[in-house]
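1. from the sequence below, what's the structure:
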Amino acid sequence: MKTLVSILILGMLLICSITIEATETPSKEGLFKERMALYKKTEALTQIPWYYFAAIDQYEHNVNDEEASKTDIIGITIPLEKWNGIANPNEANAQPIADVDLFNGFGKDGNGDNYADRTNDEDILYAFAEFILNNGWSKQDIKIALWNYYQRELTVQSIMNMAKVYKTFNTLNLEDNVFPVPLHANYSYRNTWGSPRGFGGRRIHEGTDIFANYGVPVRSTTYGVIEMKGWNRFGGWRIGIRDTHNIYHYYAHLNGFEKNVEVGNVVKPGDVVGYVGASGYGPPGTSGKFPPHLHYGMYRDNGKTEWSFDPYPYLKKWERLERVK
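-> Down below sits the predicted model:
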């Protein structure tokens, strides 16, 4: 009898622990709501639009711990010595705001407890806001502040573009994707990432080729901003779109561009940006050196460098999900 009771108690404890763990792990929608509430609160305190905080925070989530970004509310990480002040002998994460100010630290008190805590989300956002306000409120002032903090042009451009996307759609929930060509089109593809290429010297194939007829619409797979448009010796007529996850989506060998598509445009999944062709492998206008197809590439930026990775698994996933829908 005692053994049976012990088993029942252990079972109940296990169920409780699973329930608590499930409760403590916030849903994606729950995270978005908590983040937005903090961005809006900091906007009310500083008059800096919420979408700039969203963009800075998303960028930091992207370049920092990917697993932590799934559960952490705010992803901005400020180095301890920068937060407390370089000459500050106190290495505590949280200390009186007067002490941090004494050593010209980055840290600020955003929640009114008179402490600057680099692990407190409100303090972190308010500190970044105050840093921006040292330059001013304008868009150009914010760009200058971002350059002073990150010292990297691509980072500044990425954050400003993310802010533009968040402002356009007025939401943080921008997780949808679609396949780059319509599913009703006659197309085929296989995993060709990493295959050798000879034109222009020895190199590897940094993408997946989707073979289709001339003129088949090419669609944005993601929410993002058109960062590049024009001719590339290897890719012919091409478009580059950077999304809110620091990923650059590269569409090459196009036959032409959709009307009114320009650099700086905000796009969403399914927006037509161009058409399948066979351009490239030569000077502007070169075409027909290979069968018509879309070369689709993906490049990730970690805040220091950018590299190509295999898009094939993502294409298969997006194709499957779109068919389900």
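2. going forward, measure contacts and count neighbours with C-alpha atoms only.
-> Fine.
3. so, low pLDDT: which residues of the stretch 1-150 of the chain?
-> Residues of the stretch 1-150 of the chain that meet the criterion pLDDT under 70 lie in 1-26, 65-71.
4. mind listing the strands for it?
-> Taking DSSP state E, counting those that start in this stretch as the criterion, the stretch 1-150 of the chain contains strands spanning 94-96, 115-117.
5. just say which of those is most tucked in.
-> Mean neighbours per residue, mean count of other Cα atoms under 10 Å, is largest over the strands of the stretch 1-150 of the chain for strand 115-117, with a mean of 25.
6. got the contact list for it?
-> The contact list for strand 115-117 (Cα atoms under 8 Å, 6 or more residues apart in numbering) reads N93, A94, Q95, P96, I97, V100, G107, K108, D109, G110, D123, I124.
7. mind listing the strands that strand pairs with, and their directions?
-> Strand pairing for strand 115-117, determined by DSSP bridges: strand 94-96 (antiparallel).
8. of the contacts of strand 115-117, which is the most crowded?
-> Neighbour counts for those (other Cα atoms under 10 Å) peak at G107, which has 31 neighbours.
9. distance check, that one against F128.
-> To F128, G107 is 8 Å away according to Cα to Cα, to the nearest Å.
10. again, but for Y275
-> For Y275, the distance to F128 equals 42 Å [Cα to Cα].
11. same thing with T208?
-> Following Cα to Cα, the distance that separates T208 from F128 is 40 Å.
12. over to V266?
-> Applying Cα to Cα, the value for V266 to F128 is 26 Å.
13. count the residues that sit near E29.
-> Neighbours of E29 using other Cα under 10 Å come to 11.
14. show me what contacts the residue nearest to E322 when sequence neighbours are not counted?
-> Spatial nearest neighbour of E322, chain neighbours left out: V178 (6.3 Å); criterion: Cα to Cα, 6 or more residues apart in numbering. Contacts were defined as Cα under 8 Å, 6+ apart; by that measure V178 touches S220, T221, T222, P269, G270, W318, E319, E322.
15. how about a cut-off of 10 Å?
-> 219-222, 268-271, 314-315, 317-323 (Cα atoms under 10 Å, 6 or more residues apart in numbering).
16. need the three-state assignment for it.
-> coil (DSSP: H, G, I helix; E, B strand; the rest coil).
17. is M228 in contact with V273, as I believe?
-> No: using Cα atoms under 10 Å, M228 is not in contact with V273; the gap is 11.7 Å.
18. quick one: common contacting residues for these two?
-> When contacts are counted by Cα under 10 Å, 6+ apart, M228 and V273 have R238, I239, I241, E262 as shared neighbours.
19. tell me the one of those nearest Q140?
-> Proximity of these to Q140 (Cα to Cα) peaks at E262, which lies at 21.4 Å.
20. distance of that closest one relative to K139?
-> 21 Å.
21. and those two? which has more neighbours close in?
-> Of the pair E262 and K139, E262 is the one with more neighbours under other Cα under 10 Å, namely 17 against 12.
22. tell me which element the more buried one falls in.
-> In the assignment (DSSP states H and E), E262 maps to no helix and no strand.
23. so between Y275 and F128, which is more surrounded?
-> Set Y275 next to F128 and count neighbours by other Cα under 10 Å: Y275 wins out with 25 against 21.
24. can you read off the pLDDT for the more buried one?
-> Y275 carries a pLDDT score of 98 in this model.
25. for it, give me its contacts.
-> Counted by Cα under 10 Å, 6+ apart, Y275 has contacts 181, 212-219, 237, 251-258, 293-294.
26. K259: how many residues sit nearby?
-> Neighbours of K259 (other Cα under 10 Å): 9.
27. er, G282 actually
-> 17.
28. how about S287?
-> When neighbours are counted by other Cα under 10 Å, S287 comes out with 20.
29. equivalent analysis for I48, please.
-> 22.
30. between G107 and F128, what contacts are shared?
-> By Cα under 10 Å, 6+ apart, the residues touching both G107 and F128 are I78.
31. quick one: the helix or strand hosting V276 to chain centroid distance?
-> Following DSSP H and E, one finds V276 within strand 272-276. Relative to the centre of its chain, strand 272-276 is centred 23 Å away, using Cα atoms, centre = their mean, to the nearest Å.
32. who does it pair up with?
-> strand 217-219 (antiparallel), strand 247-257 (antiparallel).
33. now render those strands as a markdown table, adding mean pLDDT.
-> Shown next, in a markdown table, are the strands paired with strand 272-276 (pLDDT from 0 to 100):
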| stretch | mean pLDDT |
| --- | --- |
| strand 217-219 | 98 |
| strand 247-257 | 97 |
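34. so which of those strands is nearest Q157?
-> Among the strands paired with strand 272-276, strand 247-257 comes nearest to Q157, with 12.3 Å by Cα to Cα.
35. which positions in the closest one come out as buried?
-> Residues I247, Y248, H249, Y250, Y251, A252, H253, L254, N255, G256, F257 are the ones in strand 247-257 that count as buried (16 or more other Cα atoms under 10 Å).
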